[in-house]
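Undergrad: okay, sequence plus prediction incoming.
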Amino acid sequence: MTKALTLPPLTEELAQVLIDAATIDRRVTEIADQINHDYKDIKEPLILVGVLKGSFIFLSDLCRKLTIPHIVDFIAISSYGRGGDVQGNVRLLMDVREDIAEKDVLIVEDILDSGNTLKYLQRNFATRAARSVKIASFLDKPERHKVDLKLDYMGFTIPDVWVVGYGLDYKEKYRTLPYIAEMYPVK
Ligand code: IMP
Ligand code: MG
């Protein structure tokens, strides 16, 4: 028998749970089913590229629901000006290890906010002669988009609030909460 899980309590910084763990699990299963279907005829493993750090929990749940052959890799980038008015300036901190030329790539991201990060990655991967590059983002904040970018797979649309949990953090806090919580605006 499964023991009931005791959830970490909300702290005074967290306003409310936006997406609970069961809802997340159902949606990740749906996305994995869609990916399994879309890549069912794939000849070589799909290369999943998780964008560190925020995507690591989504990626680990997603890849364990995939039945198609796949390889897990990571990329790390830093972005300045996020959450502020400054134009986003994205820099590569750690590159993928796989050679992605002629491979099918799925970039796995935690959230599409301004879109600067994913736009940068899309451009960067386009120069490497991958066979295909698609994007899966767990969350999407449409009100914050600054660039035009199409997501191939998306978990949930959320309003313009700062969220934490399921890989997403606030100054490295709350990253491992099993749900997505909305923070109170930080002064
Ligand atoms: P971008 O603005 O789309 O380039 O997003 C930059 C990065 O900011 C995302 O990949 C996230 O890691 C982070 N981010 C944006 N919004 C949130 C949020 O609400 N909570 C936690 N991290 C966020
Ligand atoms: Mg991120």
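TA: Looks like it came in fine. Ligands and ions are numbered 1, 2, ... in the order given.

Undergrad: what sits closest to residue 121 if chain neighbours are left out?
TA: Excluding its sequence neighbours, the residue lying closest to residue 121 (CB to CB, 6 or more residues apart in numbering) is residue 107, at 5.6 Å. Where you see a C-beta, it was placed from the backbone N, CA and C, and this is true even at glycine.

Undergrad: neighbours around the one you found, how many?
TA: 24 (other CB atoms under 10 Å).

Undergrad: in what helix or strand does it lie?
TA: Assessed by DSSP states H and E, residue 107 sits inside strand 104-112.

Undergrad: for that strand, which strands pair with it and how are they oriented?
TA: strand 46-52 (parallel), strand 132-140 (parallel) (DSSP bridges).

Undergrad: how far does that strand sit from the chain's center?
TA: Its chain's C-alpha centre and that of strand 104-112 lie 6 Å apart, by CA atoms, centre = their mean, to the nearest Å.

Undergrad: report whether whichever helix or strand comes after it contacts ligand 2.
TA: Counting by DSSP H and E, the element after strand 104-112 in chain order, helix or strand, is helix 116-126. No: shown here: helix 116-126 not in contact with ligand 2 (CB under 5 Å from the ion), separated by at least 6.0 Å.

Undergrad: what does the chain put close to ligand 2?
TA: Residues of the chain lying near ligand 2 (CB under 5 Å from the ion): 51, 54, 110.

Undergrad: for the residue nearest to the second one when sequence neighbours are not counted, list the residues it contacts.
TA: Nearest in space to residue 54, with sequence neighbours left out and distances taken as CB to CB, 6+ apart, is residue 110 at 3.3 Å. When the contact criterion is CB atoms under 8 Å, 6 or more residues apart in numbering, the partners of residue 110 are 51, 54-55, 58, 137-139, 166-168.

Undergrad: check residue 110 and give its pLDDT.
TA: Looking at residue 110, its pLDDT stands at 98.

Undergrad: quick one: the strands in the chain?
TA: 14-19, 46-52, 70-80, 89-94, 104-112, 132-140, 153-157, 163-164, 180-183 (DSSP state E).

Undergrad: pLDDT score assigned to the residue nearest to residue 132 when sequence neighbours are not counted?
TA: Among residues not flanking residue 132 along the chain, residue 104 sits closest, at 4.8 Å (CB to CB, 6+ apart). If you check residue 104, the pLDDT there is 97.

Undergrad: now swap in residue 82 and tell me
TA: So residue 82 comes in at 50 (pLDDT).
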